[in-house]
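Participant: sequence plus the predicted model coming up.
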Amino acid sequence: MSLIFEFGVILAVCLAGELLHALLPLPVPASIYGLCLLLLLLLTGVVKERQIARASGFLLDIMALLFVPAAAGILAVRDEASRLLLPLMIAVLPVTAGVMAVTGLSVQAVRRRQRKNK
């Protein structure tokens, strides 16, 4: 697949997530809609892993770089953030553990399904 086509597929799913966020009256971020939609498309076979493999691999490779603007933003409000450190940690740590658990379980389920289909 062409790398531009692969990025196009990923961007189309992101756009669909943005549209769902605008249309549905739920407090769910557009990125979550997009991730769930991409997972659904991969599980149903509408989008094959090979159709987005290189582009998604590239995005995963540069993921740390994508967090630099967010980290710089936090440094800009360091004084305010230091007062909220304990409440932030109480909120962030369990959510991070939950996201890691759900991600791991999702990956295991997808891999099991792929093995069954072979």
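Facilitator: Arrived safely, thanks for sending. Numbers count the residues shown, from 1 in each chain.
Participant: show me this structure divided up by domain.
Facilitator: 1-66, 77-118 (automatic domain parsing).
Participant: so of the ones you listed, which one's packed in deepest?
Facilitator: domain 1-66 (a mean of 14; mean count of other Cβ atoms under 10 Å). Backbone N, C-alpha and C define where each C-beta goes, glycine included.
Participant: contacting residues for Phe5?
Facilitator: Gln51 (Cβ atoms under 8 Å, 6 or more residues apart in numbering).
Participant: now it: how far from Leu11?
Facilitator: 11 Å (Cβ to Cβ, to the nearest Å).
Participant: please apply the same query to Val95.
Facilitator: 27 Å.
Participant: likewise for Glu80?
Facilitator: Counting by Cβ to Cβ - Glu80 and Leu11 are separated by 34 Å.
Participant: then Arg78?
Facilitator: 34 Å.
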